[in-house]
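1. could you look at this predicted model? Sequence included:
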Amino acid sequence: MARGARRLADAADAHPEAYFAVLAALFGIAAALLTPPLFGVTLDEPNHFMRVYHISELNLSAEKRGDSVEDVGGEVPSSVKNLFRRICDYYPAPPDRKFNAADMLELLGDDLNPRERSFGTFANTAPYTPVPYAPAACGVAARRFFGLSPSGLVYAGRLCNLAVWTFLVFLAVRAMPCMKRLLVLLALTPVSLGLAASLSPDALTNAAAFLLLAHVTRCAFGSEPTLTRRDLQILCLLASLLLLGKQGYLPLCLTILMIPPARFGERHRHRRFLALYATLVCSVFGLTALYARRVWVPFMPGTAETSDQIRRLLTEPTDFLGLFIRSLAYYCSTPDDWNWPRCFIGIHGHRFLLLPWALVIPYYAVLLATAVAESPCPVRLSPWKRLFAAALFFANLAFIFAVAYLSWHYPRMRIIWGVQARYLIPFAPLAFFALGALWPNAALRRVTAVAVPCLLACALAITLYLQIRIDYLPEENLIPNGTFAQWPEGAPLPDGWTIEDRPDEPPVAWSVSPIHDGSMRGGAGVEQTWHRSDQTDRASRSFGVTITGLRPRSLYRFYASVKGRPAQPVLVLAYAVKEDGRDAGRMTLLGHPAEIPGGLYHPRYEKIFVSGDSGSLRLIAICPNASEENPVSIIWDEWALIDLP
């Protein structure tokens, strides 16, 4: 039996690229097809779709008709532009009525009607070059042959993106002279595979980064003593492909400095190549910067001007350093859906499906064990090479934050907002590369050789199950009377909804009234009107509901269905309520609010909240910008709180 186990370990160790291809194809296709259209890993898949369609018609650049977000985009069929609103009629769905096969068939039966066109806006995806969108655009171009509906084009683009990503990462794993299983583990995290199975340009960018790192590793530590001209050409091609995907990974191009000069043969050949490579990288970086600048507009209101941020970065570098350190501390410690250690492994889907810590922690353990127990490369990794790999990792991390600081930073924020864990995927191998083969133990290597494919299959299967459960299976609403159906005649509030009665304080800033309408989920709804800002009111005096019996420090998904469009933003905030002790009843704000934007109509909204140390949570609605002259109204159809697995 021991001999059979050893043979199994040796077989798994010999061909990790084989089980990578099988797992990527099996679970990638499932993720691409089971994820509802335009609700992939990235929140901006609707804009990616419009950009992909625009490129599929050989439009290599977006149009800029003005200086606002609505002025950057391109002419696309109206059915493509309106697909997101069309899908929002079904998704996100109420907890007891999920997206189903009948909904999907109805969407797939929609007519594309390519001659009926309008201007679609995609300001946040316009700065990307068309190169990383090319695989998905090829899939969307298939409409000319198969007559697909807009939803069908989404699936076609996803599958083509997945196919190209799988092929390139397969080549990367096969090219690695060592640490193959480490690359497979990083490539097949649920978030990485989810990106590959979406319309995101990150799929090609991540694959190019893995392939560049693999080729650099082969050139630096492989068994070949001298690099050929083809090797050098591939290095230049992959560095260009990476920068054409995202400029933020410029420091990753410096990995070629890990290649010993002796590998180039003659000394002048090494110097000549470095000069040519630096010229090429700088040229591609400059051209992509000019391309982005041509269509760039600030796509997040209230952010600082890029020119002002450049001046601050140059004159006050310590300010950026403080922001960088505070941001790292926040992203590594926050318990919500921005938590890097958790999101890097297991965030999946538009609904921010987070994998449980019980799976995330073993994943990191296997990653670490695989790195330190790997068989040594043909050429030994010196301490200086390990230190250089770690330094490049942190340099690229700082560069990513610098790009965010220049592009969308809010001046008064104490952190650099919006830097997601998935941005680390392309250069994450460098962190584990620094630990590679520190303890090359044959027994541990055999254990990890079997553990890696088993862990990957388990993690991806659990992710698939959780996705099906959240997207398709009915769930319990933990909010009592969440549909407002129970509202006794003459009562000021629906059953279960409370405010604190304080005669010594001014009247509340809002009023509510019941609405009886057959189109409502429970046959009734609530019209709430703010006559002044209630931002400074106590949470206990705002319209809301308190839910008890929750698990402490756990994730819950808030869902709201609305009618109409409020004139100003409306916020839903979550507070932890202390249940006992001297401070019983004290409320503590939890995380960031769910925002219903002003002036926009979207029937359904979702947000992840983390319960506090107690088992009670209070959800309230406020409107900071209402006034007596300009009251703000909204119609609540349903509120729901769903326990995340």
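-> Alright, I've got the coordinates.

2. off-centre distance for stretch 408-428?
-> 12 Å (CA atoms, centre = their mean, to the nearest Å).

3. ok, which stretches of the stretch 251-400 of the chain are strands?
-> 347-348, 353-354 (DSSP state E, counting those that start in this stretch).

4. what's the least confident stretch among these?
-> The weakest mean pLDDT among the strands of the stretch 251-400 of the chain belongs to strand 347-348, with a mean of 60.

5. any stretches of this protein with poor pLDDT?
-> The chain contains residues with pLDDT under 70 at 1-14, 89-91, 144, 300-302, 347-352, 375-379, 501-504, 535-537, 580-585, 599-601.

6. for residue 343, which non-adjacent residue is spatially closest?
-> Excluding the flanking residues, the one nearest residue 343 by CB to CB, 6 or more residues apart in numbering is residue 421, at 3.9 Å. Heads up, the C-betas are built off the backbone N, CA and C, glycines and all.

7. count of residues packed around the one you found?
-> If you count neighbours by other CB atoms under 10 Å, residue 421 ends up with 21.

8. adjust the sequence numbering to begin at 3 for everything that follows.
-> Okay, residue one is now 3; in that scheme the one you just asked about reads as residue 423.

9. any idea how far residue 340 is from it?
-> Look at residue 423 and residue 340: by CB to CB, to the nearest Å, they are 8 Å apart.

10. shared neighbours of these two, anything?
-> Common neighbours of residue 423 and residue 340 (criterion: CB atoms under 8 Å, 6 or more residues apart in numbering): residue 333.

11. can you give the contact residues for stretch 285-299?
-> With contacts defined as CB under 8 Å, 6+ apart, stretch 285-299 is touched by 63-66, 69-71, 73-74, 125, 128-131, 241-242, 245-246, 249, 252, 308.

12. just the buried ones from these, in ChimeraX syntax?
-> The ChimeraX command for the buried members of the contacts of stretch 285-299 (criterion: 16 or more other CB atoms under 10 Å) is given here:
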select :64,71,74,125,128,129,130,131,241,242,245,246,249,252,308
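
13. mind listing which of the contacts of stretch 285-299 are in strands?
-> Among those, the members falling in strands (DSSP state E) are 65-66, 74.

14. buried ones in the helix ranked longest in the chain?
-> Across the chain, the longest stretch assigned as helix under DSSP state H is helix 444-474. With burial defined by 16+ other CB under 10 Å, the residues of helix 444-474 counted as buried are 446-455, 457-459, 461-462, 464-466, 468-469, 472-473.

15. what lines up beside the helix or strand just after that helix in the sheet?
-> Once helix 444-474 ends, the next helix or strand along the chain (criterion: DSSP states H and E) is strand 499-500. Here strand 499-500 is paired, per DSSP bridges, with strand 546-549 (antiparallel).

16. using CSV, write out every CA atom in the partner strand.
-> Once non-C-alpha atoms are left out, strand 546-549 reads as follows in CSV (Å, rounded to 0.1, in the frame of the first residue of the first chain):
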residue,chain,number,x,y,z
GLY,A,546,-34.8,50.0,10.8
VAL,A,547,-35.0,46.6,12.3
THR,A,548,-33.0,44.7,14.9
ILE,A,549,-32.2,41.0,14.2
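
17. and that strand, how far out from the chain's middle?
-> Chain-centre distance of strand 546-549: 30 Å, with CA atoms, centre = their mean.

18. just stretch 513-529 next, same as before
-> On CA atoms, centre = their mean, the centre of stretch 513-529 falls 35 Å from that of its chain.

19. now what about it, what contacts it?
-> Residues contacting stretch 513-529 (CB under 8 Å, 6+ apart): 96, 485-487, 489, 494-496, 530-531, 533, 545, 563, 565, 635-640.

20. how about 6 Å then?
-> Stretch 513-529 is contacted from outside by 485-487, 489, 530-531, 545, 637-640, using CB atoms under 6 Å, 6 or more residues apart in numbering.

21. select, from those residues, the two members most distant in space.
-> Maximum pairwise distance among the contacts of stretch 513-529 (CB to CB): 20.9 Å, between 487 and 531.

22. the longest helix of the chain: how far from the chain's middle?
-> For helix 444-474, the distance to the chain centre is 20 Å (CA atoms, centre = their mean).

23. same question for stretch 475-492.
-> Per CA atoms, centre = their mean, the centroid offset for stretch 475-492 relative to its chain is 32 Å.

24. render the CA-only coordinates of stretch 599-611 in CSV, please.
-> The C-alpha coordinates for stretch 599-611 follow below in CSV (Å, rounded to 0.1, in the frame of the first residue of the first chain):
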residue,chain,number,x,y,z
PRO,A,599,-27.4,55.8,-5.6
GLY,A,600,-29.4,59.0,-6.2
GLY,A,601,-31.0,59.5,-9.6
LEU,A,602,-30.3,55.9,-10.8
TYR,A,603,-32.8,53.1,-11.0
HIS,A,604,-31.6,49.7,-10.0
PRO,A,605,-34.3,47.5,-8.5
ARG,A,606,-32.0,45.3,-6.2
TYR,A,607,-29.0,46.0,-4.1
GLU,A,608,-26.7,43.8,-2.0
LYS,A,609,-24.0,44.3,0.6
ILE,A,610,-21.9,42.0,2.8
PHE,A,611,-22.0,42.9,6.5
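
25. who touches that stretch?
-> Residues from elsewhere that reach stretch 599-611 (CB under 6 Å, 6+ apart): 90, 94, 338-339, 354, 557-563, 567-571, 576, 592, 596, 598.

26. out of those residues, which are inside helices?
-> Using DSSP H, none of the contacts of stretch 599-611 sit in helices.

27. out of these, which sit inside strands?
-> Using DSSP E, those in strands are 557-563, 576, 592, 596, 598.

28. so which of the residues you listed wins on neighbours?
-> Neighbour counts for these (other CB under 10 Å) peak at residue 576, which has 28 neighbours.
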